[in-house]
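Q: Curious how this folds, go ahead:
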Amino acid sequence: MTKVFQLPTCPSNPDSLPFGPEHPWLAPLAGYSDLPFRLLCREYGAAVCVTEMVSAKGLVYESPGTNELLMTLPEDQPLVVQLFGAEASFLGRAVELLRQSGFGWFDLNMGCSVSKVLRQSAGAAMLGDTDNVLAVARAMLAAAGPGRVGFKLRLGIDDARPVLPDLALRLEDAGAGWLTLHPRTARQGFGGTAQWDAIASLAQRLSIPLLASGDLFCAADGVACLKSTGATGVMYARGAMHNPAIFADHAALLAGSAPVQADAPRLRAMISRHLQLARAHCPGKAALWKMRSVVPRYVRTLPGARALRQELCRCSDWEELDRLLDIFLGGQTQQNA
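A: Just a heads-up that it's a prediction; the model follows:
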């Protein structure tokens, strides 16, 4: 069946976004932060969710499949749409189209270091042309309105070409609503260690919110980052991919409590809820294929996780998936009894 492009409508458009240590965000996660996953993370306490990155050109040219990345519901708010591209005309037009459909908050991806994105001069490659970044920022802000666009940054292309704090300050002057910093260079990708001291330095220079990202693998990392950097808030990425309950853990730590231990019954409940949401909001077999790759992330630290992954690759229906989970997690419960 041929896919038909139809831009979804956003059912609500809040007047502001929540920022602060007590309001953790879910990062844009290509291939992961779809509607079911966002809804799951919200149930655990994500204050704001960001869509998977959406191609500005794909949206303007009505590329089939682009619209699926923008599916949303009233309970999926507040929602930020992350766009990627490198041309002001396309990014400005993409925001115009989204505004017409009711979307109100946007983010420009200048942090992705994946080669196929860099080859389009997009993502972190944009950091090599500050003048173009500012032209794109002005076009997006003109279409969205002052303060309705955030910008995801890295430290620069490499150590020899830093862009901070100059670019951040110029984006603030242009009307940016917030910035997010992953404190690595594009060349580093996810290698090495995130330089949280760079977040601390930038936080002291800005008057707009600064979200911290990078090496936040658990809620304790997020809380430690907030304390050591003075960032306005945190954006969980890989930590949320492995444990959507990271947002509940974050709230517990801020309240002075210990996070609830993720034992087998709680993992089964979380996975069951994700399965339910995926079946409700993903078309056809797409939900099953996605869950076959998602479940191993949730149970990766448990004995036998590799064998479960192999079994899931052969799984072709929901009944078989449920059976495998019952066997695997039921066995974990018996081992811990």
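Q: Tell me the spacing between the spatially closest residue to residue 19 that is not a sequence neighbour and residue 147.
A: Among residues not flanking residue 19 along the chain, residue 209 sits closest, at 4.3 Å (CB to CB, 6 or more residues apart in numbering). Quick note: C-beta positions are derived from backbone N, CA and C, even for glycine. According to CB to CB, to the nearest Å, residue 209 stands 10 Å off from residue 147.
Q: again with residue 330
A: Look at residue 330 and residue 147: by CB to CB, they are 50 Å apart.
Q: pLDDT score for the nearest residue to residue 125 once chain neighbours are set aside?
A: Nearest non-adjacent residue to residue 125, counting by CB to CB, 6+ apart: residue 118, 4.5 Å away. You'll see residue 118 listed with a pLDDT of 89.
Q: if I pick residue 118, what's in contact with it?
A: Residues in contact with residue 118, defined by CB atoms under 8 Å, 6 or more residues apart in numbering, are 112, 124, 125, 186.
Q: Need the phi and psi values for it.
A: In terms of degrees, to the nearest 10, the main-chain angles of residue 118 are phi -60, psi -30.
Q: Over to residue 117?
A: Per-residue torsions, residue 117: phi -80, psi -40 (degrees, to the nearest 10).
Q: Likewise for residue 233?
A: Torsion angles, degrees, to the nearest 10, at residue 233: phi -160, psi -180.
Q: and it, how far is that from residue 107?
A: 14 Å.
Q: One more: residue 160?
A: Per CB to CB, residue 160 is found 27 Å from residue 107.
Q: More neighbours: which of the two?
A: A count of neighbours by other CB atoms under 10 Å puts residue 107 above the other of residue 160 and residue 107, at 25 against 8.
Q: what is the mean pLDDT for the helix or strand encompassing the more buried one?
A: For residue 107, the enclosing helix or strand under DSSP states H and E is strand 106-109. For strand 106-109, mean pLDDT rounds to 98.
Q: please begin residue numbering at 6 from this point
A: In the new numbering, first residue 6, that becomes strand 111-114.
Q: Sheet partners, orientation included, of that strand?
A: For strand 111-114, the paired strands and their directions (DSSP bridges) are strand 84-89 (parallel), strand 154-158 (parallel).
Q: taking the mean pLDDT, what do you get for the shortest one?
A: The one in question is strand 154-158. Summarised as a single mean, pLDDT over strand 154-158 is 98.
Q: give me the number of residues near the nearest residue to residue 53 once chain neighbours are set aside?
A: Excluding its sequence neighbours, the residue lying closest to residue 53 (CB to CB, 6+ apart) is residue 30, at 4.5 Å. By other CB under 10 Å, the residues close to residue 30 number 28.
Q: Kindly state the beta-bridge partners for residue 30.
A: Residues in beta-bridge contact with residue 30 (DSSP bridges): residue 53, residue 240.
Q: shaky segments in the stretch 6-155 of the chain?
A: Counting by pLDDT under 70, the stretch 6-155 of the chain contains low-confidence ranges at 6-9.
Q: where does the stretch 206-342 of the chain have low pLDDT?
A: Along the stretch 206-342 of the chain, the model assigns pLDDT under 70 to residues 336-342.
Q: ranges for the helices of it?
A: Listed from the start of the chain, the stretch 206-342 of the chain has helices (DSSP state H, counting those that start in this stretch) covering 224-234, 243-247, 251-259, 269-286, 291-303, 310-318, 323-341.
Q: Tabulate these in a markdown table, adding columns for mean neighbour count and distance to residue 144.
A: Output for the helices of the stretch 206-342 of the chain, formatted as a markdown table (neighbours: other CB atoms under 10 Å; distance: least, CB to CB, whole Å):
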| stretch | mean neighbour count | distance to residue 144 |
| --- | --- | --- |
| helix 224-234 | 19 | 31 |
| helix 243-247 | 21 | 31 |
| helix 251-259 | 22 | 33 |
| helix 269-286 | 17 | 32 |
| helix 291-303 | 18 | 33 |
| helix 310-318 | 14 | 44 |
| helix 323-341 | 15 | 45 |
